[in-house]
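J.: requesting a structural model of the entry that follows:
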Amino acid sequence: MASLSDYQILPSKFQHLTPFSSSSTFRLPLTLKPNSLSSHSRLFLVKSSQLSLSDPLQYHPDSSNPDTRKSYIWVNPKSPRAAQLRKLSYDSRYSSLVEIAHSLDSCDATHEAVSKVLFGLGENVVEQDAVIVVNNMKNPNTALLALQFFQNKVRLVREVVLYNVTLKVLRKGRELDRAEKLFDEMLHRGVKPDNATFSTIISCCRLCYLPHKAVEWFEKMPDFGCEPDDITYSAMIDAYGRAGNVDRAFALYDRARTERWMIDAVTFSTLIKIYGKTGNFDGCLNVYEEMKALGAKPNLVIYNTLLDAMGRAKRPWQAKIIFKEMTNNGVSPSWGTYAALLRAFCRARYGDDALKTYKEMKDKGLELNVILYNSLLAMCADLAYVKEAVQIYEEMKSSGTFQPDSWTFSSMITVYSCNKQVAEAEKVLNEMVEAGFEPNIFVLTSLIQCYGKANRTDDVVRTFDRVLELGITPDDRFCGCLLNVMTQTPKEELDKLIECIVKTNEKLGNVVKILLEAETSEEHFRGAASELFDSISTDVKKAYCNCLIDLCVNLNMWNRACELLDLGLTSQIYRDLQSRTPTQWSLHLRSLSLGAALTSLHVWTTDLEKAVESGEELPPLLGINTGHGKHKYSEKGLAGVIVAHLKKLNAPFHEAPDKLGWFLTTKTAAQSWLESQKFSEQVSG
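T.: Next up, the predicted model:
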């Protein structure tokens, strides 16, 4: 017999934990995982509500059940007979029940096959045995048959627990339809669902990516007298967010922060996505910081979601910071990480960072998809990375996995077109047609731009005719391209292009015709231009106005250029070109074309002359801001053109050493120059 040194009677407040049957079977506390019972028997105090989402199952004997209304003991792990006693304990029984569960997973889904396996349990099967067997199963087909077997063979006191573990098996297989039918069966049998029932079905909805269903089940809980616990509430932040009920998701999140709920990584990821979709990118970062403040460690999903949000926010610098934090925290980047980084850098035109990320992906053997290749090529087209674009294009074709699509060809034609490489652009066009893609409006627009830069006006007209033959309706961007080509076309060939423009946009063609007729009155010209700008979309108004002014400057029609600039200012097409403070008057040219910038400089100097003539006091400094970049696919930037023009005018503006793109002069130097300009005009007059 066992001595008192082997057993110790527990105090009454702990006696609900471990049943001791009259047949000398020692029942130790149960969890879902057999490994949770170590060689030293341990007690676990866990609320029954924790059965819900992450699921360790805790069995709680009911005092009304004669099978479990027993004495309770604790096995002394230091006893020399501990090993022998454990053999008599429920630990050994548990292992055999898990083996039976595995056998059920692999047997045929028939009543006969399931019954044959379960008869191995013997005659004295208790409710606890049934719960453990089903809870350790994975096969939903045989689990439902096992449920029926136990319902017929075992006296069930808390049948809802057996239903809940069966629902868990259905959740593992993402069998939501069958879970809902099983719920209906519960009600038909008079079994009242509890919190675990609903939380299991709700989590099944989440696994099936059906957030609206999760919301539907959550909102049923009060009808059955069930009060959600904080785990379920936290899960519903994710469900409401995915279902589009943003206000409800944020309300629960505010409550979660106040009551310090445990929120899982999936929910944090959803919150970041919600903020990202609503354009609140600071909110994305706030969730990330709050998560860290709560002691929760961001995982790969969180990092990837955040990187994607920063990419859409066009905040590549923050994407770089987050990526560095991620690697410093020991989280290895995945394909999704690099893809999010690459999209962020390409969207923001961070060329060097994008190419570095691309190289790193290639070095690690990570394949790019067509979308990522196209993002890279579009960026190269915008940044004039011709050599890099050609290399990426060839690597894409040689990958054998992803072949170019219409956007790929379009980007490459744009790359070559902007660099005046006509033969190369035509070769890609032929490849596009051979691959089965018809050239679209974007491709043909780029091709027209290419011919225009190469001064091949007849090819421009031929391509324009092809657009009409294909039944493509020219859009505002296409018309703008034709207008831009006119600014690069010799005067004697402009008539060929005017006919094309008239066919695409009659009002634009009318403005160009009037512009070239020097005898037309200013009022007539201004009226036609106003009518044009009122008829086109806002996003192309500045481009049209820039091109028309460039055309005037090329034809040495400065009065027309000034009229267009004035119209652009009064129509709010151009804003904030000039600024005045007590210490500095400035001219801002960085958003203008070359012709529009020269015209603005001409108007500004005229305004300065008038100010001096009227006795107005000039400020200590005067400045011109050209920006420090250069035009794409051009060796000469705006700053270079303005510097050359200022030298021609003998203007005393000098590049500021501490402010890139700024040219400054003093009040004294400016007054002296303006007076000399006035004197020169009088002499020439």
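J.: hey, let's count contacts and neighbours off CA atoms from now on
T.: Will do.
J.: ok, and for the longest helix along the chain, which residues are buried?
T.: Ranked by residue count and defined by DSSP state H, the top helix of the chain is helix 594-613. If you call a residue buried by 16 or more other CA atoms under 10 Å, then helix 594-613 has these buried ones: 594, 595, 596, 597, 598, 599, 600, 601, 604, 608, 609.
J.: residues touching the fifth one, list them.
T.: In this case it means residue 598. Counting by CA atoms under 8 Å, 6 or more residues apart in numbering, residue 598 touches residue 642.
J.: hmm, try it at 10 Å
T.: By CA atoms under 10 Å, 6 or more residues apart in numbering, the contact list for residue 598 reads 549-550, 553, 558, 561, 589, 592, 604, 638, 641-642, 645-646.
J.: and for residue 141?
T.: 104, 105, 108, 109, 110, 169, 170, 173, 178.
J.: what of residue 198?
T.: Shown in contact with residue 198 (CA under 10 Å, 6+ apart): 52-53, 164, 167, 183, 204, 214, 217-221, 224, 226, 228, 232.
J.: of those residues, closest to residue 116?
T.: residue 167 (23.0 Å; CA to CA).
J.: contacts for the helix or strand following the longest helix of the chain next, please.
T.: Tracing the chain past helix 594-613, the next element assigned as helix or strand by DSSP states H and E is strand 621-625. Applying CA under 10 Å, 6+ apart, the contact partners of strand 621-625 are 577-590, 601, 639, 642, 653-656, 659-670.
J.: of those, which belong to helices?
T.: With DSSP H as the criterion, helices contain 601, 639, 642, 667, 668, 669, 670 from among the contacts of strand 621-625.
J.: pull out the buried residues from stretch 377-393.
T.: For stretch 377-393, by 16+ other CA under 10 Å, it's 377-386, 389-390, 392-393.
J.: pLDDT weak spots in the stretch 201-350 of the chain?
T.: For the stretch 201-350 of the chain, residues meeting the criterion pLDDT under 70 lie at 257, 259, 261, 264.
J.: and the chain, by the same measure?
T.: 1-92, 257, 259, 261, 264, 518-519, 628-636, 679-685.
J.: domain parsing for it?
T.: In terms of domains, the chain is parsed into 264-366, 576-682 (source: the TED database).
J.: including distance to residue 570, could these go into JSON lines?
T.: Formatted as JSON lines, the domains of the chain follow (distance: least, CA to CA, whole Å):
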{"stretch": "domain 264-366", "distance to residue 570": "32"}
{"stretch": "domain 576-682", "distance to residue 570": "12"}
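J.: from those, which stretch is densest packed?
T.: domain 264-366 (a mean of 18; mean count of other CA atoms under 10 Å).
J.: just give me how far it sits from the chain centre.
T.: With CA atoms, centre = their mean, to the nearest Å as the basis, domain 264-366 stands 9 Å off its chain's centre.
J.: just stretch 647-661 next, same as before
T.: 43 Å.
J.: ok, and what's touching that stretch?
T.: Contacts to stretch 647-661, defined as CA under 10 Å, 6+ apart, come from residues 589-590, 622-629, 638-639, 642-646, 662-666, 669-670, 672-674, 676-677.
J.: so what does the helix or strand containing residue 567 touch, helix or strand wise?
T.: Element membership for residue 567 (DSSP H and E) is helix 558-570. Using 3 or more CA pairs under 10 Å, 6 or more residues apart in numbering; DSSP states H and E as the contact test, the elements touching helix 558-570 are helix 506-516, helix 522-535, helix 538-554, helix 594-613.
J.: what sits up against the shortest one?
T.: By that I understand helix 506-516. Here helix 506-516 makes contact (CA under 10 Å, 6+ apart) with 479-480, 483, 486, 491, 494-495, 497-503, 517, 520-522, 524-533, 535-536, 544, 548, 551-552, 555, 557, 560-561.
J.: and it, how far from the chain's centre?
T.: Relative to the centre of its chain, helix 506-516 is centred 44 Å away, using CA atoms, centre = their mean.
J.: how about it: buried residues?
T.: By neighbour count on 16+ other CA under 10 Å, the buried set for helix 506-516 is 507, 508, 509, 510, 511, 512, 513, 514, 515, 516.
J.: max pairwise distance over these: which two?
T.: Greatest spatial distance among those (CA to CA): 507 and 516, at 14.5 Å.
J.: angle of the longest helix of the chain against helix 538-554?
T.: 80 degrees (axes from the mean of the first three to the mean of the last three CA atoms, to 10 degrees).
J.: just use 613 as the starting number from now, easier for me
T.: Let's use 613 as the start, then, which means that last one is helix 1206-1225.
J.: what angle sits between helix 1206-1225 and helix 1170-1182?
T.: 90 degrees.
J.: quick one, helix 1206-1225 and strand 1233-1237 angle?
T.: Using the same axes, to 10 degrees: helix 1206-1225 against strand 1233-1237 is 170 degrees.
J.: wait, what's in contact with the residue nearest the centre of the chain?
T.: For the chain, residue 920 is the residue whose C-alpha lies nearest the centre (CA atoms, centre = their mean; 3.7 Å). With contact taken as CA under 10 Å, 6+ apart, residue 920 is in contact with 884-885, 888, 914, 926, 931, 948-949, 951-956.
J.: what separates residue 1099 from residue 1061, distance-wise?
T.: Applying CA to CA, to the nearest Å, the value for residue 1099 to residue 1061 is 11 Å.
J.: kindly report the same for residue 1040.
T.: 15 Å.
J.: so between these two, which is more surrounded?
T.: Shown here are residue 1040 and residue 1061; by other CA atoms under 10 Å, residue 1061 has more neighbours (23 against 18).
J.: check which helix or strand the more buried one maps to.
T.: Assigned by DSSP H and E, residue 1061 belongs to helix 1053-1065.
J.: by contact count, what packs against that helix?
T.: Against helix 1053-1065 (3+ CA pairs under 10 Å, 6+ apart) you get helix 1018-1030, helix 1034-1046, helix 1069-1081, helix 1088-1098.
J.: just the C-alpha atoms of that helix, please, in CSV.
T.: The C-alpha atoms that make up helix 1053-1065 are tabulated as CSV, following Å, rounded to 0.1, in the frame of the first residue of the first chain:
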residue,chain,number,x,y,z
ILE,A,1053,-2.5,54.7,-76.0
PHE,A,1054,0.4,54.8,-73.5
VAL,A,1055,2.8,53.0,-75.9
LEU,A,1056,1.9,55.1,-78.9
THR,A,1057,2.2,58.3,-76.8
SER,A,1058,5.7,57.3,-75.8
LEU,A,1059,6.5,56.4,-79.5
ILE,A,1060,5.3,59.8,-80.6
GLN,A,1061,7.5,61.4,-78.0
CYS,A,1062,10.4,59.5,-79.3
TYR,A,1063,9.9,60.5,-82.9
GLY,A,1064,9.4,64.1,-81.7
LYS,A,1065,12.7,64.2,-79.8
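J.: all good on my end, thank you.
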